[in-house]
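1. Attaching a predicted model along with its sequence, questions to come.
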Number of protein chains: 2
Amino acid sequence: MTAVAGRTRAAATGSAPSRRAPYDAASLLDVAVRVFNERGYDGTSMDDLARAAGISKSSFYHHVEGKEALLAAACERALSALSAIRDEPASRSGPAVTRFEHVLRRTAEALLAELPYVTLLLRVRGNTATEKRALDRRRDFDRFAAGLVAQAVSDGDLRADIDPLLATRLSFGMVNSVVEWYRPGRAPTTEVVDAAVELAMRGLR
Amino acid sequence: MTAVAGRTRAAATGSAPSRRAPYDAASLLDVAVRVFNERGYDGTSMDDLARAAGISKSSFYHHVEGKEALLAAACERALSALSAIRDEPASRSGPAVTRFEHVLRRTAEALLAELPYVTLLLRVRGNTATEKRALDRRRDFDRFAAGLVAQAVSDGDLRADIDPLLATRLSFGMVNSVVEWYRPGRAPTTEVVDAAVELAMRGLR
DNA sequence: CCGCACCGACCGAACGTTCGGTTTACTGGT
DNA sequence: ACCAGTAAACCGAACGTTCGGTCGGTGCGG
């Protein structure tokens, strides 16, 4: 597979800050994240990334700071998408069970909208400081969701015979597992989101 | 963490072929799989494994064939556990919905019984021929399960408003996600298995 | 002729693996 | 009781390769 990455040239339109932007940071990050997901972060060399982008390794370094910075940027993008969900009004007010369903659905949507980035985030193992920070932020989100389930259980809106933390982990485990098999265009995102949320909520009630 | 691996000395009993067996292949595989799961396969060096086992790298090579052989052995163990489920009588006869529930439950049980090995298997990305073979065998198992769901749906025992393949992937995704957070001794395995199966089956009906 | 995108060549370090040689534990012959 | 002989366990050092990253320079549009 020697395919050259699609350059998103910002030229022609004079809007771009630089006169010529053959490889902008965003498109190179796209390429890097794609290859990271195919080969795994540790299994991907900077030469792999450069070749996938269609330039030499040294040219690649002209645009990006380094390997770990790419991972950090990708995790940041995924985490900010998740973080935004937590800040939505529907996640912050109303019955806990409604808030939980909203968070679960929006998580599934964000996962599909930012599929490569979230995929990479979910595979981070915590080897470096960068990865550990990403894992911590993920855990914050999990705790937030677990709190909603616990509240919904004590409200009597979700079944009490399953531990709230366990139920949270299984529900999000189901939603997150989508990254293992979903490929864009194969099935409409709404069908996947609806099915995941419906299955989880019916099981939980 | 400089902990030395527990040596399972096969000596004292004259049964072993060699007179002295300080490090048998099985215990070294245990160590390797543990470290692989902590750091990731590609992120783990043979020196990491040797240190975790408490011997030098060259000594480690005296006992194992190589890095990829360790991965292959671990995947083989996980895959044979899954394969055994498919061969059980309860997986081969009776109503499809009952068979599916049995396969789902036994998968969850096998996952917990062989947690490190299945964890490693589920993270294989297909970089080498060894990994590709493991992925193929996993897909066989998934197809088997999807067939059961499709049959159960056409029997009218599972809801028809969700695509059988999608339902299968989400159900097993939930069960498989257990490897991301379960740690032995933290919670009884029966509670986790029951919760996962109950949530999935109630959602599916 | 400046500045930027780009490249080939290169660096030290770490990788998986191999090798020569030493230690250890146990044998059979005396 | 002793002593070669033996085979496995073990190690330090090194192999060739690949890694993430750097450097000096080239070509070209403005």
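-> Noted; the coordinates are in hand.
2. State the mean pLDDT of stretch A:31-49.
-> Confidence over stretch A:31-49 (mean pLDDT, whole number) is 96.
3. Name the residues of it that are buried.
-> Residues of stretch A:31-49 classed as buried by neighbour count (16 or more other C-beta atoms under 10 Å in any protein chain shown): A:31-44, A:46, A:48-49. For glycine as for every other residue, the C-beta is placed from the backbone atoms N, C-alpha and C.
4. So what's the gap between that stretch and the chain middle?
-> The chain centroid and the centroid of stretch A:31-49 are separated by 16 Å, computed with C-alpha atoms, centre = their mean, to the nearest Å.
5. Likewise for stretch A:178-194?
-> Per C-alpha atoms, centre = their mean, the centroid offset for stretch A:178-194 relative to its chain is 14 Å.
6. helices or strands up against the helix or strand harbouring A:Leu135?
-> A:Leu135 is part of helix A:129-154 when elements are defined by DSSP states H and E. Taking 3 or more C-beta pairs under 8 Å, 6 or more residues apart in numbering or on different chains; DSSP states H and E as contact, the helices and strands that helix A:129-154 lies on are helix A:67-87, helix A:96-113, helix A:164-176.
7. Out of these, which is the most enclosed?
-> Across the helices and strands packed on helix A:129-154, the average number of neighbours (mean count of other C-beta atoms under 10 Å in any protein chain shown) peaks for helix A:164-176, which reaches a mean of 24.
8. Kindly export that one (C-alpha atoms) in PDB.
-> Coordinates of each C-alpha in helix A:164-176 appear next as PDB, following Å, rounded to 0.1, in the frame of the first residue of the first chain:
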ATOM      1  CA  PRO A 164     -24.100   0.900  39.100                       C
ATOM      2  CA  LEU A 165     -20.300   0.900  38.400                       C
ATOM      3  CA  LEU A 166     -20.600  -2.400  36.700                       C
ATOM      4  CA  ALA A 167     -23.600  -1.400  34.700                       C
ATOM      5  CA  THR A 168     -21.800   1.800  33.600                       C
ATOM      6  CA  ARG A 169     -18.700  -0.100  32.500                       C
ATOM      7  CA  LEU A 170     -20.700  -2.600  30.500                       C
ATOM      8  CA  SER A 171     -22.800   0.000  28.800                       C
ATOM      9  CA  PHE A 172     -19.900   2.200  27.800                       C
ATOM     10  CA  GLY A 173     -17.900  -1.000  26.900                       C
ATOM     11  CA  MET A 174     -20.600  -1.800  24.500                       C
ATOM     12  CA  VAL A 175     -20.700   1.600  22.900                       C
ATOM     13  CA  ASN A 176     -16.900   1.900  22.900                       C
END
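9. mean confidence score for that helix?
-> pLDDT averaged over helix A:164-176 equals 97, rounded to a whole number.
10. Let me know the angle separating that helix from helix A:96-113.
-> Here the directions of helix A:164-176 and helix A:96-113 differ by 30 degrees (axes from the mean of the first three to the mean of the last three C-alpha atoms, to 10 degrees).
11. and A:His102, what does it touch?
-> A:88, A:90-91 (C-beta atoms under 8 Å, 6 or more residues apart in numbering or on different chains).
12. brain fart, A:Val33
-> For A:Val33, the contact set (C-beta under 8 Å, 6+ apart) comprises A:70, A:74, A:116-117, A:120.
13. so it is in which element?
-> Applying DSSP H and E as the criterion places A:Val33 in helix A:25-39.
14. Distance from that helix to the middle of the chain?
-> Per C-alpha atoms, centre = their mean, the centroid offset for helix A:25-39 relative to its chain is 13 Å.
15. Most proximal residue of chain A with respect to DNA strand C?
-> Among all residues of chain A, A:Ser58 sits closest to DNA strand C, at 2.5 Å; criterion: C-beta to the nearest atom of the strand.
16. Next one: that residue from A:Val33, what distance?
-> Taking C-beta to C-beta, to the nearest Å as the criterion, A:Ser58 is separated from A:Val33 by 21 Å.
17. A:Asp155 too?
-> Distance, A:Asp155 to A:Val33, using C-beta to C-beta: 40 Å.
18. do the same with A:Arg125
-> Distance of A:Arg125 to A:Val33, given as C-beta to C-beta: 16 Å.
19. With A:Asp42 instead?
-> Using C-beta to C-beta, one obtains 15 Å as the distance from A:Asp42 to A:Val33.
20. tell me the angle of the helix or strand A:Thr119 falls within relative to helix A:129-154?
-> Secondary-structure assignment from DSSP H and E places A:Thr119 in helix A:115-123. Using the same axes, to 10 degrees, one finds that helix A:115-123 and helix A:129-154 are set 90 degrees apart in direction.
21. for the spatially most central residue of chain A, what are its contacts?
-> For chain A, A:Val118 is the residue whose C-alpha lies nearest the centre (C-alpha atoms, centre = their mean; 1.7 Å). If you count contacts by C-beta under 8 Å, 6+ apart, A:Val118 has them with A:78, A:81-82, A:110-111, A:179.
22. For it, give me the pLDDT.
-> A:Val118 carries a pLDDT value of 98.
23. how close does it sit to A:Arg51?
-> 25 Å.
24. what residue ranges in chain A score low on pLDDT?
-> Across chain A, the ranges flagged by pLDDT under 70 are A:1-23.
25. Run a quick neighbour tally on A:Tyr61.
-> Residue crowding around A:Tyr61 was assessed by other C-beta atoms under 10 Å in any protein chain shown; the count is 14.
26. thought it was touching A:Leu49?
-> No. Under the criterion of C-beta atoms under 8 Å, A:Tyr61 lies out of contact with A:Leu49, with a separation of 10.0 Å.
27. Sounds good, over and out.
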